[in-house]
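Visitor: need a 3D model of the sequence below.
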Amino acid sequence: MMKVRSGAAATLLHAAASQLSPRGLLRTPPIWRESRMLAELARLRSQPIGKGHGFPAGRGRPVFLIPGYLAGDRSLAPLAVALRSAGFRPKDAGITLNVGCASDMVGPLEERLEAHVAMNGGRQAIVVGQSRGGAFGRLLAVRRPDLVASLVTLGTPFLDMLRVNLLVLVNVGLVGAVGSLGVPGVLTMACMREGACCDGVRREFEGPLPRDLPFLSIYSRSDGIVDWRTCLDPAARHVEVDSSHCGMALNADVWRVIAAELSRSHPT
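Guide: The predicted model follows:
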């Protein structure tokens, strides 16, 4: 047990030292930029896109929505409502709080996605994931390309999941410590250590995607949580928006980008 804790602590300390370096301090905007989320929600509600106007006709196409770290399905509920009003069939990931061990979470996510596809006549689903949810979306696309028609991610740090604001690193450490004490459904310090529980999932996550899979990574240079550069997965197309990290799923401009991507990748 001590070896697991030591290895995980070293990983977090290395990430923290990187963020505290002069380059690291310039790399990630201050976390107070996340206070824009309420303004982003208010702006969204005042615009037609916030009610689903501007999305292409869904024609019953299934969508699978995966929330980010420390968030749950309710964080993507407004997007689900808008997609449903446009004729899509959105399905939540069944996540109350996205803080679990990735190895434990991916199986139930795969089963839920598979059931949603089956309920819609076998039509592959459009997967939309925010932050950590986007990482799960990529993992599902690698593992089960037969279930995924396209992938859209919002602020997902594909290239380094720990290149995040120092306060978020502290939170990850606290959550990991709680999980290591035996609290069920919570990631442990072992999750961050090489050679431990999540190694297999990490290898799958880094695997190749189908060449014909439409994959869009949306990022913001003013993201107050993650370094936007980590969102530039080489396998994806990239679109920049001006958005907070937490409010990316509530940003009118992001919704317009999603709508345009659905029109491009799934023309009616």
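
Visitor: please point out which parts of the helix or strand containing residue 254 sit buried.
Guide: Using DSSP states H and E, residue 254 sits in helix 252-265. Within helix 252-265, the residues that count as buried by 16 or more other Cβ atoms under 10 Å are 252-255, 257-259, 261-262, 265. (Each C-beta comes from the backbone N, C-alpha and C, glycine too.)

Visitor: just stretch 110-125 next, same as before
Guide: Neighbour counts over stretch 110-125 (16+ other Cβ under 10 Å) mark 110, 112-113, 116-117, 120, 123-125 as buried.

Visitor: over to stretch 24-36?
Guide: 24, 27-29, 31, 33-34, 36.

Visitor: per-residue pLDDT, residue 1?
Guide: Per-residue confidence (pLDDT) for residue 1: 24.

Visitor: actually residue 189, not the one I typed
Guide: 80.

Visitor: picking that back up, which of the buried residues of stretch 110-125 fall within helices?
Guide: Among the buried residues of stretch 110-125, the ones falling in helices (DSSP state H) are 110, 112-113, 116-117.

Visitor: please enumerate the strands of the stretch 1-150 of the chain.
Guide: Taking DSSP state E, counting those that start in this stretch as the criterion, the stretch 1-150 of the chain contains strands spanning 62-66, 89-92, 125-130, 148-154.

Visitor: among these, which is nearest residue 187?
Guide: strand 62-66 (15.9 Å; Cβ to Cβ).

Visitor: tilt between that closest one and strand 125-130?
Guide: 20 degrees (axes from the mean of the first three to the mean of the last three Cα atoms, to 10 degrees).

Visitor: just the residues contacting stretch 109-124, thanks.
Guide: Here stretch 109-124 makes contact (Cβ atoms under 8 Å, 6 or more residues apart in numbering) with 60-62, 64, 66, 89, 91, 93-94, 125, 127, 136, 140, 143-144, 146-149.

Visitor: buried subset of the residues you listed?
Guide: 61-62, 64, 66, 89, 91, 93, 125, 127, 136, 140, 143, 147-149.

Visitor: for those residues, work out which two are farthest apart.
Guide: Longest span within these, Cβ to Cβ: 89 and 143, 22.0 Å.

Visitor: so which residues of the stretch 1-150 of the chain form helices?
Guide: Secondary structure of the stretch 1-150 of the chain by DSSP state H, counting those that start in this stretch: the helices cover 2-20, 22-27, 37-45, 77-85, 102-119, 132-143.
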